[in-house]
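Undergrad: Starting from these lines, generate the structure:
(chains A and B)
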Protein chains: 2
Amino acid sequence: MRARDLLVPFPTVGLDSPVAEAARLMAERELPGLIVLDERGTPVSILPGTQVLRLAVPRYCQDDPALARVIDEAHADAFVRALGDRTVRQALPERPRELPVTDPDATLLEIGALMARTRSPLVAVLDGGRLLGAVTLSALLKRLA
Amino acid sequence: MRARDLLVPFPTVGLDSPVAEAARLMAERELPGLIVLDERGTPVSILPGTQVLRLAVPRYCQDDPALARVIDEAHADAFVRALGDRTVRQALPERPRELPVTDPDATLLEIGALMARTRSPLVAVLDGGRLLGAVTLSALLKRLA
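TA: The predicted structure follows:
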């Protein structure tokens, strides 16, 4: 059992996609994260769902929970609307961490270790730079259980 | 819109539950993580799915990807079987990180910030130490989208 046997086609977003669209895609299709492609179709970022959220929550609310508490719903709605124009490129962290990317020959143990280390429930599977699909935590656990 | 409006009942495991059972529960019910309770029913840990995986993947494979590559399937299967006796308590990290726990009055922005900061797609909602349920990333994104 290798990555090639567990991978499924996976939707992607571009660097210039709106953050709001990325969040909507995740919500509608119940994805555990997103794969971000550059202009040439190469994955530049694989974002766990919680990090997609990080793109959408203002920095000052992440740093100061008390501030997030006092901002009432009307303001939060206004914020979500204001997100409309921001792109994934603008929202990505400047220094990317280790990408959860592997190749079709990766073993289950290898994929599990990669997910645990990068805290990503999603691993992109590449074959020489070309995206073949993704292995999800859910698919891996089903196979192990 | 507050945490109380988004929370759903959520299955829990005990400190003395087998890790294998915790992994099976997550796989079967497609949960984004697990809530671990102590003997008095108080949450002691809220584990994102990737960290449940961390309980199940041997330390040496997490540290050395090359080693995870060369261990073939037969060995991996043997490892999963060997997990049978290990409990959640034995597998938990010694120094817990910030717990993704909040109260029923938390705003959507506050829950989002907490998920982003703790990298947990799951936030437990407590009312004076009593577990009311959990808010999932999926439910939050659906509300924001």
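Undergrad: can you pull the contacts of the nearest residue to residue A:41 once chain neighbours are set aside?
TA: Nearest non-adjacent residue to residue A:41, counting by CB to CB, 6 or more residues apart in numbering or on different chains: residue A:131, 6.9 Å away. All C-beta spots, glycine's among them, are computed from the backbone N, C-alpha and C. The contact partners of residue A:131, taken as CB atoms under 8 Å, 6 or more residues apart in numbering or on different chains, are A:10, A:12, A:35, A:37, A:41-43, A:124-125.
Undergrad: and of the residues you listed, the nearest to chain B?
TA: Distance to chain B across the contacts of residue A:131 (CB to the nearest CB) is lowest for residue A:125, with 14.2 Å.
Undergrad: Please settle this for me: is the closest one part of a strand?
TA: Yes: counting by DSSP: H, G, I helix; E, B strand; the rest coil, residue A:125 is found in a strand.
Undergrad: so it sits right up against residue A:102, yeah?
TA: Yes: using CB atoms under 8 Å, residue A:125 is in contact with residue A:102, at 6.0 Å.
Undergrad: joint contacts of those two?
TA: Residues touching both residue A:125 and residue A:102 (CB under 8 Å, 6+ apart): A:3, A:135.
Undergrad: Those two: who's more crowded?
TA: residue A:125 (25 against 22; other CB atoms under 10 Å in any protein chain shown).
Undergrad: Now for that one: which residues touch it?
TA: Applying CB under 8 Å, 6+ apart to residue A:125 gives the contacts A:3-4, A:7, A:101-104, A:106, A:131-135.
Undergrad: what residues are up against residue A:22?
TA: A:13, A:34, A:52, A:55, A:88.
Undergrad: which one is it nearest to, not counting chain neighbours?
TA: Closest residue to residue A:22 apart from its sequence neighbours, by CB to CB, 6+ apart: residue A:13 at 4.9 Å.
Undergrad: which SS class is that neighbour?
TA: For residue A:13, the assignment made with three-state DSSP gives strand.
Undergrad: Pretty sure it sits against residue A:38.
TA: No: look at residue A:13 against residue A:38 with CB under 8 Å: they stay out of range, at 11.2 Å.
Undergrad: When those two are compared, which one has more neighbours?
TA: Taking other CB under 10 Å, residue A:13 and residue A:38 do not tie; residue A:13 has more neighbours (21 against 13).
Undergrad: List phi and psi for the most centrally placed residue in chain A.
TA: In chain A, the centroid-proximal residue (CA atoms, centre = their mean) is residue A:47; its distance is 2.2 Å. Dihedral pair for residue A:47: phi -100, psi 120, per degrees, to the nearest 10.
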